[in-house]
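[1] Starting from these lines, generate the structure:
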Amino acid sequence: MSQFFYIHPDNPQVRLINQAIEIIKQGGVIVYPTDSGYALGCALGNKHAMDRIVAIRKLPENHNFTLICGDLSELSTYALVDNQSYRLIKNNVPNPYTFILPATKDVPRRLLTKRKTIGLRVPNNLIALALIKALGEPILSCSLILPNEEQTQSNPDEIRESLEHSVDLIIHGGYLGQSPTTVIDLTQSHPDIIRIGSGDPSPFE
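    Prediction:
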């Protein structure tokens with residue numbers, strides 16, 4: 001049975017944030033709010049927790065996970081970013097965008113695509129940012145889209161009914177939108193919009 005925390009979306013309670021981080025550090029899988037609906041998250045280095053997320057969502061082996069970062073200072077650790085890409089990202093975060101970038105050697109090999117890329121993003125959500133800051137590293141994450149559904153989960157009460165026996169913590173951070181992030185591939189000389197979601201694609205067109 002998962003724990004269920006009510007965390008204030010505008011003023012996240014430090015005590016509850018720290019308890020959530022302990023769950024992550026102990027290998028737990030959490031459901032937490034972002035600026036594009038709810039997401040599943042775990043520690044970057046925990047393969048077992050990642051495998052649990054794969055099972056919950058029934059993901060294919062080659063699914064692209066995303067590293068949810070607190071700010072741009074973490075980008076260079078996990079991705080190779082040229083000046084043009086950096087300016088584009090800097091001008092458009094925090095917002096509901098996922099950026100596909102060439103990965104550095106600090107990214108675990110099991111997270112890499114065949115192209116050796118990784119998805120990175122900085123969400124515009126105070127609870128998510130508080131979690132990342134307290135953890136001290138990005139959260140390994142993917143949108144909470146249940147099998148046979150196309151939209152991100154937005155209602156934490158319904159998430160509790162579906163996943164209270166599958167995850168270790170569900171954070172209620174409000175009722176959110178259902179559109180996933182807009183995905184931008186920055187591995188080539190020009191941005192390539194892979195998926196249009198809740199982020200405005202026009203800055204990358």
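
[2] what about A55, distance to L144?
    Counting by Cβ to Cβ, to the nearest Å, the separation of A55 from L144 is 14 Å. Just so you know, the C-beta spots here come from the backbone N, C-alpha and C atoms, and that holds for glycine as well.

[3] cool, G37 as well?
    Remark: distance between G37 and L144 (Cβ to Cβ) = 7 Å.

[4] The residue most central in space within the chain bridge partners, please.
    For the chain, the residue nearest the mean C-alpha position is S141 (3.8 Å; Cα atoms, centre = their mean). Here S141 sits in beta bridges with G41, T66, as judged by DSSP bridges.

[5] neighbour-wise, which of A55 and L144 wins?
    L144 (28 against 11; other Cβ atoms under 10 Å).

[6] and that one, what is it in contact with?
    With contacts taken as Cβ atoms under 8 Å, 6 or more residues apart in numbering, L144 has the following neighbours: 31, 37-40, 57, 152-153, 159.

[7] Just the buried ones from these?
    In terms of neighbour count (16 or more other Cβ atoms under 10 Å), the buried residues within the contacts of L144 are 31, 37-40, 57, 152-153, 159.

[8] show me the residues around the nearest residue to I196 once chain neighbours are set aside that make contact.
    Sequence neighbours aside, T182 is the residue nearest to I196 in space, at 5.6 Å (criterion: Cβ to Cβ, 6 or more residues apart in numbering). Contacts for T182 were tallied using Cβ under 8 Å, 6+ apart; they are 96-98, 193, 195-201.
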